[in-house]
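Asker: pasted the sequence and its predicted model underneath.
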Amino acid sequence: MTYKFDLLVDSCCDLTHDELEEPGIKKISMTIQLDNKEYIDDFQETFDYNWFMTELKNGATPSTSQINIGNYLDIFKDYVGQNQPLLYVCFSSGLSGSYNNAMTALSMLEEEHGKLPITIIDSLAACLGEGLLVRNVLNLRRQEKTLEDVVLWLNEMIPRLHSWVTVDDLKHLERGGRISKTSAMIGSMIKVKPIICMNAEGKLINIGKVRGRKHSLEKIAELTKETIEQESEQDILIAYAGDKESGEKLKAILQDKVSVKSISVKPMGPTIASHTGYGALAVFSFGLIK
């Protein structure tokens, strides 16, 4: 089947290879560095997720690399002289330089070849928040919606996407400069769990803290309840970094607070988990404009 536009997806959306097996879908990957080795975040196709989560649980501190201009050029050049449009829903520019690299690659090709049928949208999201946008784009694409219709939908819904996050290990927030070393040490001693959200600029911000894992799950479920709109039409996504049991507990808490179409519990991808650490949990829904 030929759709009205092709779709480019990066691995930070945390959807799986199997979920993206449709004609006209192109995938592009982030890379992870650990112990002087490089690994490709390949949408869980071959990446050993259980091994990686064990490494994180045991204290590994991987780093990640943004998608470079050359990788984007390799994909975009196929659309030189073509009429088939390409839509790229990109990982938040507030967290990575990938969006700017994509725009630079497109500009370079257009300087040489003229206007290309490529549209790049900054999702201002990460993990299954970005994935939630992509899943809806896929559904609209199957309904034969035009690229213009889908871009209008994205522009309307991106400001309504809510991402509520809690982490179990403060070390990764300290390493990323989110909190001080002293705060991380004291917080770990008294079992403080930060509550984090994605703001309107696509950046992660710390909005509070609670004592203990149970209270952190209750808090992000309550924040979801406070911000969600049109509950009955929602498919909520929960992401977990290694700790599926806590993800299921969060699902049960949410089921008591909101009446939605579905709540799915899915693994957090290795790129995002590299920065949140083992045990991180996040819940994604649409609601009030941020």
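Answerer: Good, I have the coordinates.

Asker: for L250, what are its contacts?
Answerer: Each residue near L250 by C-beta atoms under 8 Å, 6 or more residues apart in numbering is listed here: L217, I220, A221, I238, Y240, V265, L281, V283. Just so you know, the C-beta spots here come from the backbone N, C-alpha and C atoms, and that holds for glycine as well.

Asker: turn those residues into CSV, including pLDDT and secondary structure.
Answerer: Listed next are those as CSV, based on pLDDT from 0 to 100; DSSP: H, G, I helix; E, B strand; the rest coil:
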residue, pLDDT, secondary structure
L217, 97, helix
I220, 97, helix
A221, 98, helix
I238, 98, strand
Y240, 98, strand
V265, 98, strand
L281, 97, strand
V283, 98, strand
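
Asker: just send those back as a markdown table, with neighbour count and distance to I158 too.
Answerer: Converted to a markdown table, the contacts of L250 look like this (neighbours: other C-beta atoms under 10 Å; distance: C-beta to C-beta, whole Å):
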| residue | neighbour count | distance to I158 |
| --- | --- | --- |
| L217 | 23 | 26 |
| I220 | 26 | 20 |
| A221 | 23 | 23 |
| I238 | 25 | 20 |
| Y240 | 24 | 24 |
| V265 | 19 | 24 |
| L281 | 26 | 22 |
| V283 | 28 | 17 |
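
Asker: A252: neighbouring residues, count only.
Answerer: Counted with other C-beta atoms under 10 Å, the neighbours of A252 add up to 11.

Asker: what residues does it make contact with?
Answerer: For A252, counting by C-beta under 8 Å, 6+ apart, there are no contacting residues.

Asker: hang on, it in a helix?
Answerer: Yes. A252 forms part of a helix when assessed by DSSP: H, G, I helix; E, B strand; the rest coil.

Asker: what's the pLDDT at it?
Answerer: For A252, the pLDDT comes out at 98.

Asker: now it: how far from F52?
Answerer: A252 is 27 Å from F52, where distance means C-beta to C-beta, to the nearest Å.
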